[in-house]
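Trainee: starting from these lines, generate the structure:
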Amino acid sequence: MRRRWMSAILALTMALALTACGGSNSSTGTDSADSTPAETEIPADTTASGGVGEDGVFTVGMECAYAPYNWTQMDDSNGAVPISNVPGAYANGYDVMIAKKIAEANGWELEIVSSAWDSLCPAIQAGSMDANIAGQSMTAERMAEVDMAGPYYYATIVVLTTKDSQYANATSIADLAGGTCTSQFGTIWYDSCLPQIENTNLLAPADSAPAMIMQLQTGTVDYVCTDMPTAMAAVAKDDNLEILNFSGTDGDFQFASEEERAENVNIGISVQKGNTELTEAINSVLSTMTEDDFNALMDEAISIQPEV
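Mentor: Here you go, the predicted model:
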C-alpha cells in the first residue's frame with residue numbers, strides 16, 4: 001500500500017515536472033509567437049524592392065480622365081491596364097505607357113488606381129499609392145508635399161479656343177482681355193496663368209480636364225488655359241477647336257524666373273517624401289529617354305485615345 005502510495009506520489013511528481021517543462025516550452029513558444037506579430041506590425045520597408053514594398057507591386061495613381069495623359073476605356077485594347085478600384089474598366093494613355101516602362105524595367109507588377117485630382121498627393125502622403133503618374137507639374141508648392149521624379153514630359157502652356165471665336169487670331173495674352181475663361185482646379189493654369197489676362201471673367205475652376213473642354217465646346221467660356229498635350233488631344237477629337245501658343249514671345253504668360261517657368265512646364269512623378277530609392281529607380285528609367293522619345297510616345301497616346 002505504501003509502495004503504491006509512493007508510486008502514485010512519484011508519478012504525480014513526474015507529471016507535474018513534465019507539465020512544468022511543457023509550460024516552459026509553451027511559454028517560450030508564446031514569447032516567440034508574441035514577438036512575431038510585433039515584428040509584422042512594423043510597416044514594411046518600402047525600399048525592400050526598389051522603393052515599392054516587399055510585394056513588388058508598383059501602385060500608381062491617376063485620374064483616368066485626363067486625356068491624353070490618362071483615360072478610362074472598357075477593354076484592354078492598345079495595351080490598356082485594369083483599374084484596380086473600378087471593376088471592368090481599364091486605363092490607358094501616356095501616363096500608363098510611362099508606368100508600364102518603369103514597372104517592366106524594375107521587374108514590378110503594375111497596379112493602376114483611379115483617383116480624383118485633389119486626392120492624388122494626399123494618397124502619396126498616406127502611403128496608399130507608391131507614385132502618381134498623372135500629368136502633374138513639378139511646382140515648388142507640390143514638391144513641398146511630395147518628392148518628384150522626372151521630368152517625364154515637357155508641356156508648353158497654351159490657350160484653347162474655338163475657330164469661330166473673336167479670340168481665335170490672338171497673338172498674345174493681351175489680345176485675350178475681357179474674355180470669359182476657366183481651367184482645371186488645382187493647376188498653374190487656373191491659379192497663375194489666367195489671372196495675368198486683364199479684365200477677364202474668370203469662372204470657377206472645372207473639376208477635370210474633360211469638364212473644362214466641355215465648357216469651351218458648349219460656349220460657356222471663350223477660351224481655356226491648359227497644356228499642349230491636352231489641347232492637342234482635344235483638337236484631335238474636335239476640329240472646331242484652335243490652339244493659341246504664345247510660348248517664346250513677349251506675349252506669353254509670365255513667370256518670376258526661368259526656373260519658375262521650368263517647374264511649371266516640367267511634368268513629374270510624385271512619390272512619398274524621403275523614398276529616394278523609388279525616386280532613383282524611376283529616374284533611372286526616364287534618363288534613358290530623350291525629349292523626342294517623350295513626344296513620340298505622347299503622339300502615340302493621342303492617336304489611340306477614345307472618341308468619347
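Trainee: what about the strands in the chain?
Mentor: Ranges of strands in the chain, per DSSP state E, are 57-62, 71-73, 81-82, 90-92, 109-114, 131-137, 147-154, 157-162, 180-182, 201-202, 223-227, 241-244, 266-271.
Trainee: turn those into a markdown table, columns for mean neighbour count, distance to T290 and mean pLDDT.
Mentor: All C-beta spots, glycine's among them, are computed from the backbone N, C-alpha and C. Listed next are the strands of the chain as a markdown table, based on neighbours: other CB atoms under 10 Å; distance: least, CB to CB, whole Å; pLDDT from 0 to 100:
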| stretch | mean neighbour count | distance to T290 | mean pLDDT |
| --- | --- | --- | --- |
| strand 57-62 | 25 | 23 | 98 |
| strand 71-73 | 21 | 25 | 97 |
| strand 81-82 | 16 | 25 | 98 |
| strand 90-92 | 25 | 23 | 98 |
| strand 109-114 | 20 | 23 | 98 |
| strand 131-137 | 26 | 19 | 96 |
| strand 147-154 | 21 | 11 | 97 |
| strand 157-162 | 24 | 22 | 98 |
| strand 180-182 | 22 | 34 | 98 |
| strand 201-202 | 13 | 37 | 98 |
| strand 223-227 | 26 | 19 | 97 |
| strand 241-244 | 19 | 24 | 98 |
| strand 266-271 | 25 | 15 | 97 |
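Trainee: show me what contacts T187?
Mentor: 137, 205 (CB atoms under 8 Å, 6 or more residues apart in numbering).
Trainee: and it, how far from I124?
Mentor: Separation of T187 from I124 (CB to CB, to the nearest Å) stands at 18 Å.
Trainee: what's the answer for A91, then?
Mentor: Going from A91 to I124 by CB to CB gives 18 Å.
Trainee: and the strands of the chain: which comes nearest L297?
Mentor: Closest to L297 of the strands of the chain is strand 147-154 (CB to CB; 8.7 Å).
Trainee: who touches the closest one?
Mentor: Contacts to strand 147-154, defined as CB under 8 Å, 6+ apart, come from residues 94, 98, 131, 133, 135-136, 138, 142, 229, 265-276, 278-279, 282-283, 286, 289, 291, 294, 298.
Trainee: just the CA trace of it, in PDB.
Mentor: The C-alpha trace of strand 147-154 is given here as PDB (Å, rounded to 0.1, in the frame of the first residue of the first chain):
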ATOM      1  CA  ASP A 147       9.200  64.300 -53.800                       C
ATOM      2  CA  MET A 148       9.100  64.200 -57.600                       C
ATOM      3  CA  ALA A 149      11.000  62.100 -60.200                       C
ATOM      4  CA  GLY A 150      11.400  63.300 -63.700                       C
ATOM      5  CA  PRO A 151      10.500  65.300 -65.700                       C
ATOM      6  CA  TYR A 152       8.800  62.700 -67.900                       C
ATOM      7  CA  TYR A 153       7.300  65.300 -70.200                       C
ATOM      8  CA  TYR A 154       7.800  69.000 -71.100                       C
END
